[in-house]
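Colleague: A structural model of the following input is requested.
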Amino acid sequence: MYTTDDRGVYRIYGLPAGRYKVSVGADASRGYVGGVNGYFQSTYHPDATDPTRATIIDLAEGGEATNVDIRVGRYEETYSIAGRVVDSETGVPIAGARIGLMISRGGQASTVATFGNPTEADGKFRLQGFTPGRYSVYVAADSGDTEFYSDPVPFDVVDKNVSGLEIRAIHGLSISGRSSPRTCQLKDLLQQLPGLEVSAMTLPGRRPNEPFNVTLLRPGTGWAGWKFPGQWT
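Modeller: Next up is the predicted model:
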C-alpha cells in the first residue's frame with residue numbers, strides 16, 4: 001500500500017517483473033470501510049470499478065511503467081457510531097470490552113471484525129468508517145479480555161452518525177468438575193495430558209470426575225467431556 005502526495009502523484013518501486021493491476025480506494029461492498037474521513041470507491045487503472053475490466057500493466061525486468069493514471073468517482077461520506085457497554089443486571093459501565101461488528105446483507109448477518117480498542121472506563125466506545133446499511137454490534141467474548149458476552153444490538157446507518165447505542169452485557173456462566181478416565185492406565189493418561197481437549201456442548205442430556213473449568217457460557221443444558229486419542233469420555 002502506497003499513498004499519493006499533495007498532487008495526487010504516486011510511485012511504487014522495488015517490484016519484480018510481472019503483470020499487475022493497480023487500484024486506489026476502498027471496497028465498500030461489505031458496508032464497512034474504516035475510513036475516518038470518507039473514501040473513494042475502489043477503482044482500477046484507468047477508471048474501472050470492476051476488477052475484470054482493469055488494464056493489465058506489464059512490467060519487464062529493470063523497466064518502468066509510467067502514466068498509470070486512475071480516474072476515481074465521487075468521494076463518498078462515511079459515518080461513525082457511538083455508545084456504551086453496561087452490565088445488564090446492575091447498569092454499571094464495563095471497561096475493557098471489545099466490540100464485535102456484524103453486517104446484514106440480504107437477510108443474512110455475517111461477522112466482519114472485532115475492534116482492537118476496548119471500551120473506556122465509562123464503558124463508552126466510538127467506531128468510524130460506516131457506509132449506509134444495517135449493522136449489529138455486540139461484546140466480543142471470544143477476544144478473551146472479558147467475562148461478559150451480549151446479544152447483537154442492531155442499528156441502521158442512513159445519512160448521519162449514530163449515537164446512543166447501549167449494549168447490555170451478560171456475565172458468562174461457567175461449568176467445572178473433575179473427569180476421570182475409565183478405560184486407560186495412569187501412565188497412558190499422563191503421556192496424553194499435553195493434548196487433552198475439554199469441550200462443552202449445548203446438547204440434551206448430562207454425563208457425569210482431573211478438574212476442568214469452562215467459562216463464558218450462556219444459560220442452557222449440555223454435557224462436557226474430554227477427548228482422549230480420538231474418543232470422548
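Colleague: give me the below-cutoff pLDDT ranges for the chain.
Modeller: Across the chain, the ranges flagged by pLDDT under 70 are 1, 30, 35-36, 106-109, 111, 142-146, 173-233.
Colleague: switch to 80 and redo it
Modeller: Scanning the chain for pLDDT under 80 picks out the ranges 1, 28-37, 105-114, 116, 141-146, 172-233.
Colleague: what residue spans form the domains of it?
Modeller: 1-76, 79-171, 173-232 (automatic domain parsing).
Colleague: stretch 28-47: which residues count as buried?
Modeller: Residues 28, 31-33, 35, 39-45 are the ones in stretch 28-47 that count as buried (16 or more other CB atoms under 10 Å). For every residue, glycine as well, the C-beta is placed using N, CA and C.
Colleague: which one of those residues is nearest to residue 167?
Modeller: Checking those against residue 167 by CB to CB gives residue 32 as the nearest, at 17.5 Å.
Colleague: now residue 20: closest residue in space, sequence neighbours ignored.
Modeller: Nearest residue to residue 20 in three dimensions, chain neighbours excluded: residue 57, at 4.5 Å (CB to CB, 6 or more residues apart in numbering).
Colleague: ok, that neighbour - contacts?
Modeller: Counting by CB atoms under 8 Å, 6 or more residues apart in numbering, residue 57 touches 19-22, 45, 65, 68.
Colleague: re earlier: which of the buried residues of stretch 28-47 fall within strands?
Modeller: If you go by DSSP state E, those have 39-40, 43-44 in strands.
Colleague: could you dump those residues to TSV with distance to residue 94?
Modeller: As requested, these are arranged in TSV below (distance: CB to CB, whole Å):
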residue	distance to residue 94
39	32
40	37
43	41
44	44
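Colleague: quick revisit: in ChimeraX, how would I select just the buried ones from the contacts of residue 57?
Modeller: Buried residues among the contacts of residue 57 (16+ other CB under 10 Å), as a ChimeraX selection:
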select :20,22,45
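Colleague: follow-up on the earlier one: return the member of the buried residues of stretch 28-47 nearest to residue 138.
Modeller: Of all the buried residues of stretch 28-47, residue 32 has the smallest distance to residue 138: 14.7 Å, by CB to CB.
Colleague: I'd assumed residue 101 was in contact with the closest one.
Modeller: Yes: counting by CB atoms under 8 Å, residue 32 sits close enough to residue 101 to count as a contact (6.6 Å).
Colleague: may I have the beta-bridge partners of residue 139?
Modeller: Per DSSP bridges, the residues bridged to residue 139 are residue 99.
Colleague: what about residue 70, neighbour count?
Modeller: The tally of other residues near residue 70 (other CB atoms under 10 Å) stands at 19.
Colleague: wait, residue 137
Modeller: Neighbours of residue 137 under the rule other CB under 10 Å: 22.
Colleague: circling back: which residues do residue 32 and residue 101 both contact?
Modeller: Taking CB under 8 Å, 6+ apart as the contact rule, the neighbours common to residue 32 and residue 101 are 112-113, 135.
Colleague: so which bits of stretch 94-103 are buried?
Modeller: Residues of stretch 94-103 classed as buried: 94, 97-103 (neighbour count, 16+ other CB under 10 Å).
Colleague: would JSON lines of the residues you listed with distance to residue 73 be doable?
Modeller: Shown next, in JSON lines, are the buried residues of stretch 94-103 (distance: CB to CB, whole Å):
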{"residue": "94", "distance to residue 73": "42"}
{"residue": "97", "distance to residue 73": "38"}
{"residue": "98", "distance to residue 73": "34"}
{"residue": "99", "distance to residue 73": "31"}
{"residue": "100", "distance to residue 73": "31"}
{"residue": "101", "distance to residue 73": "26"}
{"residue": "102", "distance to residue 73": "28"}
{"residue": "103", "distance to residue 73": "22"}
